[in-house]
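Colleague: build me a model from this:
(2 chains)
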Amino acid sequence: MNLVMVNLSHYWKRPALILWQGMLLLMLLPSIPMLLEQRVHTWMTPLYWPLFWMLIMGTMTATYQTEILSKPLSYTLPGHRCTVRKLLFGFNLFSSLLSAAMVLLLYPRDFTSRCCAAVLVLAFGQILFWVGVWCSYRSRNQAIVGFVFPILLFGPTVMDSFPVGLHWLQPMVVAVVAVISGIVSYLAWRLLGRASFFQACCGRHYLGFTGAFSPGQVKKAQRERFKAISAQTDEKLSRLGRFFVEKIARNRNQPFASFIYGVMYQTLGPVALMTLKSHGTNLIFMTLVFLLFGYYGKTGNLFIWLMYIFSILGTDLQVHSTLLLIRGRMERFVSALMSLVLLTLLGLATASVGIAGTILLTPYMPTFPIRGFIAEFHALSWQSCYLFIIGAPVVALLRLLFWGKRCFVFISIVLGAGLMGASFPLLMNIRDNLISISWVAILVVLILAWSAFAVYLYRVCFHKNLAIK
Amino acid sequence: MTKVDTLVQFCDVVKRFGATTALDRISLDIQPGSIIGLVGSNGAGKSTLLRHIIGLYLPDAGTCTTLGVEARRLGPAEFARIGYVHQEGELIDWMNVGQLIRYVAAYYAMWNAELEQRYVRDFELNLKDRVGSLSPGQRQKLAILLAIGFEPELLILDEPASALDPLARRQFLNLMLEMIQIQNRTIIISSHILSDVEKIIDHIVIMDKGRIVRNCALDTLQEEFCRVTLTAAGGKLPESLPFKGAIDWSRSDGQAVLTLRHADEAQIVRQAGAIGCQAQIRRMSLDELYEAALKYPMGMIIPRAEEARG
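Modeller: Residues are numbered from 1 along each chain as shown, chains lettered A, B, ... in the order given. Presented below is the predicted three-dimensional model:
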């Protein structure tokens, strides 16, 4: 078996990859009806899916190639470097030709426009493919890239909002894109031939798509991240640590209280470790999210709480910790339950700050027309906060159910994509019904959700093993 | 603090993981002050047994009692008396060493700061180092420090020295010896490095496929088996060697090495003299004893001829 075949054999030998590949193909399906659809207001939107597919193809192909290259054994194999370049260009050619062929056959315009669109997809798809490769190479954790993709699902909506006239689809414009694409491909060819590129990949800790399924690999990746924390950041953490350590020590005789402080410390500690730049990025991101959802009106309210529900997935309630401490099963149960209550309250508090911000900003926010509608900014409200109060125990229950399972990351991604993508049209339709749900119904569901979590938590804490076999 | 005669008691404990029986009707008593070596191959059930002691695992049948309390009901009062170093070495990676020590210490009223400082120095731990960036050996040292910092009455060590380099292992063994001699703790240590364990334990529990194959004082095991090197005075050994209880042997023309069970030293010397040989008897190492005990569990009748033939 030659090196190319050895490299390719990974694609069908690993079940997780087959799953990803299946999903990748599924992503191509929505492009077909959209391509066939005659859209009057914009010619660009139907081309979104073939291009989106190219980006994903680039990311996924490079992810696996980088993962292979990070293994010192691959690095030492003679001729393996050329294999990587060959494969990346091969995949690029295959997927871009497939996308272009689809456009050529299905795009419902006249022949010239169809040809132009096909060449445009071929050329621009190349660029996107290499952008995907670059993202994959730069990111040490592919699971994060997986989380970004669902956001791109909103692409067609955004494109619809900013229509580009048909006069842009002409040979001259396409030629410019093709030239840029040629330059990018040439640079990629050069870079992938450089020894320094392979040296940089070799031995580097890299969490690929498949690695994201392995708790051990994820832990390793986290450790790598912690290595880079500066002393200045550490000082900030020490202040937080001193506060919690003091609280824990003071409440030593009330184990429940001390463990709740422990869980809070372990939840907030990693946040304190984030650099100023990361805090700034998060703040900007959150501000943009609140502002964007402000323009969505009532649906925006629902989205904010969905986002908070999703954040609970990343919270460890320390039920299964094998760091012994003085924690019995009863202490684990009570502290986990109380910690979730506190985290929910903390979530409500931070969301309240954002909501208050939108109330203050409402008079100053501009209105603008989109496709015949007037986009108006509405202050977000607490009206739908029950979604978070109900969702938090449900998500925590899911986390408990899937604890230690390799599929947890996958489920998180699917759940995230599902929540962000699929719920959008659903919420648009049912928002009024949701808001008009009666008090009693909300209260009943809330009690049910918390009871279900508490009962299962009790079962885990008192009747199950607390460590992985 | 309640005084109990038996620190840990297993009564017919059965634990299954799917089709695998990890613990098969285990009964075991651990007395205060004993240093127990828990040995066995991978998958023998050592870690499972240790996790039952602290209630991380629950038995499918039988009971496990620790410090007089059923293991599943252990609470802060009992955990304040138990130290545990686990195989996976779960620590909080985002803290630095100093922060983690402070965090763990905050839970224990009896935390010995002096001891902590001494081991930080001896183990060459840098308080500013991020826990997640420590080498496996350093992590294990830190885990040991966290488990002994509050001077527990019962110390459970699950493969504590597997990632340590030879120097650190020696340091660790000295620490264990000191704890045993000065502080009179009860220690249960599971390890693959039997040569290390041998130096500190006084009691051995050998496990195989979820069962306890042997549970006795180390001295008893050492007296049960011995290794004899026979050298023929005339240059050639007789074809038949008349030693009872030979369970293993290898021979060349002039020399034979036999592993004997329940043999009397004086009798060996006498029998060797009778066939014109010189006998050199030595105690077996724990490695050899483990192998012999696994091959011939307690009560097993040696299925071969009672004489070692060439």
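Colleague: over to B:Val85: give its phi and psi.
Modeller: phi -110, psi 120 (degrees, to the nearest 10).
Colleague: per-residue confidence at it?
Modeller: pLDDT recorded at B:Val85 is 88.
Colleague: is it in a bridge, and if so with what?
Modeller: Taking DSSP bridges as the rule, B:Val85 bridges to B:Leu157.
Colleague: chain B contacts on the stretch 301-450 of chain A?
Modeller: Residues of the stretch 301-450 of chain A found near chain B (Cβ under 8 Å from any Cβ of the partner chain) are A:321-331. C-beta: built from backbone N, CA, C; applies to glycine.
Colleague: among those, which are located in helices?
Modeller: A:329-331 (DSSP state H).
Colleague: give me the element residue 243 is part of.
Modeller: The chain I'm using is chain A. Using DSSP states H and E, A:Phe243 sits in helix A:231-250.
Colleague: residue 263: neighbour count?
Modeller: Defaulting to chain A. Neighbourhood size, A:Val263 [other Cβ atoms under 10 Å in any protein chain shown]: 23.
Colleague: meant chain B actually
Modeller: B:Ala263, neighbours per other Cβ under 10 Å, totals 21.
Colleague: same question for B:Ala19.
Modeller: 5.
Colleague: which strands or helices does the helix or strand containing B:Ile212 pack on?
Modeller: B:Ile212 belongs to strand B:211-217 when assigned by DSSP H and E. Helices and strands touching strand B:211-217, by 3 or more Cβ pairs under 8 Å, 6 or more residues apart in numbering or on different chains; DSSP states H and E, are strand B:20-30, strand B:203-208, helix B:286-295.
Colleague: ok, of the ones you listed, where does mean pLDDT dip lowest?
Modeller: helix B:286-295 (a mean of 85).
Colleague: need the contact partners of that one.
Modeller: B:37, B:39, B:194-195, B:197-198, B:204, B:206, B:208, B:213-214, B:218, B:221-222, B:225, B:227, B:247-248, B:259, B:261, B:284 (Cβ atoms under 8 Å, 6 or more residues apart in numbering or on different chains).
Colleague: chain center to it, what's the gap?
Modeller: 13 Å (Cα atoms, centre = their mean, to the nearest Å).
Colleague: before we move on, back to that, which of the residues of the stretch 301-450 of chain A next to chain B scores worst on pLDDT?
Modeller: Note: of those, the lowest pLDDT belongs to A:Leu324, at 67.
Colleague: can you show me the strands along the stretch 251-400 of chain A?
Modeller: According to DSSP state E, counting those that start in this stretch, the stretch 251-400 of chain A carries its strands in the segments A:368-370, A:373-375.
Colleague: comparing these by mean pLDDT, which bottoms out?
Modeller: Between the strands of the stretch 251-400 of chain A, the lowest average pLDDT goes to strand A:368-370, which shows a mean of 67.
Colleague: what score does the residue of the stretch 51-200 of chain B found nearest chain A have for pLDDT?
Modeller: Nearest to chain A, among the residues of the stretch 51-200 of chain B, is B:Gly132, at 3.6 Å (Cβ to the nearest Cβ). On pLDDT, B:Gly132 comes in at 82.
Colleague: partner residues bridging B:Ala232?
Modeller: Beta bridges link B:Ala232 to B:Cys277, judged by DSSP bridges.
Colleague: that one: neighbour count?
Modeller: 19.
Colleague: circling back to that earlier point, possible to save the ones in helices among the residues of the stretch 301-450 of chain A next to chain B as CSV with distance to B:Thr231 and neighbour count?
Modeller: Formatted as CSV, those follow (distance: Cβ to Cβ, whole Å; neighbours: other Cβ atoms under 10 Å in any protein chain shown):
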residue, distance to B:Thr231, neighbour count
A:Arg329, 61, 23
A:Met330, 66, 18
A:Glu331, 64, 22
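Colleague: between those residues, which is nearest A:Gln266?
Modeller: Set against A:Gln266, the nearest of these by Cβ to Cβ is A:Glu331 (14.7 Å).
Colleague: ok, the closest one - contacts?
Modeller: Listed by Cβ under 8 Å, 6+ apart, the contact partners of A:Glu331 are A:255-256, A:259, B:75-76.
Colleague: and those, which two are the farthest apart?
Modeller: Farthest pair in the contacts of A:Glu331, by Cβ to Cβ: A:Phe259 and B:Gly75, 12.0 Å.
Colleague: looking at those two, which is more packed in?
Modeller: Remark: of A:Phe259 and B:Gly75, A:Phe259 carries more neighbours, 25 against 16, as counted by other Cβ under 10 Å.
Colleague: what's the closest non-adjacent residue to the more buried one?
Modeller: A:Ser335 (3.5 Å; Cβ to Cβ, 6 or more residues apart in numbering or on different chains).
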